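Visitor: Show me how the following folds:
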Amino acid sequence: MTNLKKYCSTILFLFSIIVVTNCSWFSDGKNNQIINRDLDSIVTVGKLKALINYSSTSYFIYKGAPMGFEYELLKKYADHIKVELEVIPIKNMDSIFVNLNKGVGDIVAANLTITPERLKDIQFTVPIIITKQVLVQRKPDNWRKIKKTKLQKSLLQSPKDLINKTITVREGSSFYTHLQSLSDKIGGPINITTVPGETTMELLIEQVAKKEIDYTVADKNIAIVNQWYYPNIDVNLIISPDQRIAWSSRINSDSLTTSINKWLLEYQKTKNFKMLYNKYFNNQAAFNKRVHHKYYTLTSGSISPYDELIKKYAPKANWDWELLAALIYQESHFNNGAIGWGGAFGLMQFMPETGAKFGVDSSSSAEANIIAGTRYINNLNKIWEPLVTDSLERIKFILASYNVGPGHVLDAQKLAEKYEKNPILWEDVGYYLLHKSEPKYYNDEVVEFGYCKGFIVYDYVHEIIERYTHYKNMIIESEVAKQ
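Guide: Residues are numbered from 1 along each chain as shown. Below you'll find the predicted structure:
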């Protein structure tokens, strides 16, 4: 009996090893589960999920288009591995590594400093930027009238000057740990006040400028950009050696990290990388033009001149207003005077024949165009509602039909049925529309409308849905910032 028990125990132990080994989760030793999702899974699914800061340098919307240094760099890498980029704005910096391990994101792009402590739990890519930590302090109220030498004397000029000063930073930041270390080195206490993870570096800089706090610490590249906006701050006091800024990935995402490193090391040698860096960190004129623009969504919450009209009429199509705005941007970049190929006109880019059916022409107002557009969307919805019951899937069929007419999309649906794919899933139907410029498909007996440059339509749908997601991200973040 004893031998039987030992035998059973051994079998159970081996079975448990097999289960754990094949499970999609494992523990990091701190009772935190880490999802197993590396490069091969990301490529198979076709999506890279990135946790990114909503800020004036990382990720924002300007005149309807997503922009930002880290966003554009991520987009280039996603294109390199031929996957879609899904951007997830960071809500709380204190939870980014937990969310990374849970699989909320696959990568964190948040101007993170590589530290030995962080390397225990996550991986970092090769450095993207080398910078330093600087003290952000406020100049005297009359700083413009003070001579330069006197102005310098009024400011803290050495790390030793930080003794007994109160500096506000996020507790989980590299700034916090460095200030603790610096306090020991300068032989005197630094009073460190901490803020929760929802408080961004840019918000702390703003609070210094507005006299809400006395000092904070920031990365030099970010601090200089913010000094363009708040000229009453000084960011010249360097308090750290070089800091390596990089993206982070899960501790078990070796293939992803290796792939990013290989790509980054090559891309950083190119003129395109230097141009991208200069665009966001060395071009003060472009920055000032951008941040003071009324369609810089980070501060205004507005996407276009027609937001209120779009909000008014989008419900008539049972669409979110951000979705209708994404469609309008795709069609006309919010230019009601735009004239496109074949005489397409206005915000919604109606062809003359279609526009006439809905009572608009090239002289019609923006409001008339939007009304006509929502009416046309409703007509397309009536075609697709009986065929595609899922409302989110149906949006993609409607968008494709808006671009190329419903006939070609119905052809692609028939092809999906013929090849035993799901005719009510855009992923399956979109595949056949994507390939409808190939004789094998446009000459098929089930096809009624023939040849179509379906790849244009496929990209059109993808770009609008992607932009819709960006708009939703921005509007939600702008509303939170106003609270």
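
Visitor: Quick one: mean pLDDT for the host helix or strand of K150?
Guide: Assigned by DSSP states H and E, K150 belongs to helix 148-153. Averaged over helix 148-153, pLDDT sits at 90.

Visitor: Give me the contacts around that helix.
Guide: Contact with helix 148-153 is made by 139-140, 143, as judged by C-beta atoms under 8 Å, 6 or more residues apart in numbering. The way it works is simple: take the backbone N, C-alpha and C, and place the C-beta from them, glycine included.

Visitor: number of nearby residues for C452?
Guide: Close neighbours of C452, defined as other C-beta atoms under 10 Å, add up to 23.

Visitor: Check what pLDDT the spatially most central residue of the chain gets.
Guide: Computing the C-alpha centroid of the chain and ranking residues by C-alpha atoms, centre = their mean puts V87 first, at 3.3 Å. Here, the pLDDT recorded for V87 equals 94.

Visitor: and if you look at M93?
Guide: On the pLDDT scale, M93 gets 92.

Visitor: cool, and the one 10 residues further on?
Guide: G103 is assigned a pLDDT of 94 by the prediction.

Visitor: Just give the nearest non-adjacent residue to it, would you?
Guide: I35 (3.7 Å; C-beta to C-beta, 6 or more residues apart in numbering).

Visitor: Hmm, N101 and the one you found touching each other?
Guide: Yes. If you go by C-beta atoms under 8 Å, I35 and N101 touch, sitting 6.7 Å apart.

Visitor: what touches both of those two?
Guide: R250.

Visitor: ok, what's across the strand from I238?
Guide: Judged by DSSP bridges, the bridge partners of I238 are V134.

Visitor: Pull the number of nearby residues for it.
Guide: Neighbour number of I238 under other C-beta under 10 Å is 14.

Visitor: same check, this time on G103
Guide: G103: 17 neighbours (other C-beta under 10 Å).

Visitor: Need the residues that contact stretch 229-244.
Guide: 56, 113-114, 124, 127, 130-139, 143, 155-159, 162, 174, 178, 182, 205-206, 208-209, 217-220, 223-224, 226-227, 287-288, 291.

Visitor: Just the buried positions in that stretch, please.
Guide: Under the neighbour-count criterion of 16 or more other C-beta atoms under 10 Å, stretch 229-244 has 229-230, 233-235, 237, 239-240, 243-244 buried.

Visitor: And for stretch 195-215?
Guide: Buried positions in stretch 195-215, judged by neighbour count with 16+ other C-beta under 10 Å: 195, 197, 199-202, 204-209, 213-215.

Visitor: tell me the mean pLDDT over it?
Guide: For stretch 195-215, mean pLDDT is 95.

Visitor: And stretch 298-308, by the same measure?
Guide: Averaging pLDDT along stretch 298-308 gives 88.

Visitor: Dump the C-alpha coordinates for that stretch into PDB.
Guide: Output of stretch 298-308 as PDB, limited to C-alpha atoms (Å, rounded to 0.1, in the frame of the first residue of the first chain):
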ATOM      1  CA  LEU A 298      -4.900  67.100 -25.200                       C
ATOM      2  CA  THR A 299      -5.900  70.500 -23.900                       C
ATOM      3  CA  SER A 300      -9.100  71.500 -25.800                       C
ATOM      4  CA  GLY A 301     -10.900  68.100 -26.000                       C
ATOM      5  CA  SER A 302     -11.900  69.100 -29.500                       C
ATOM      6  CA  ILE A 303     -11.200  67.100 -32.700                       C
ATOM      7  CA  SER A 304     -12.600  69.400 -35.400                       C
ATOM      8  CA  PRO A 305     -14.500  72.600 -36.200                       C
ATOM      9  CA  TYR A 306     -17.600  70.400 -36.600                       C
ATOM     10  CA  ASP A 307     -17.700  68.500 -33.300                       C
ATOM     11  CA  GLU A 308     -21.000  70.000 -32.100                       C
END
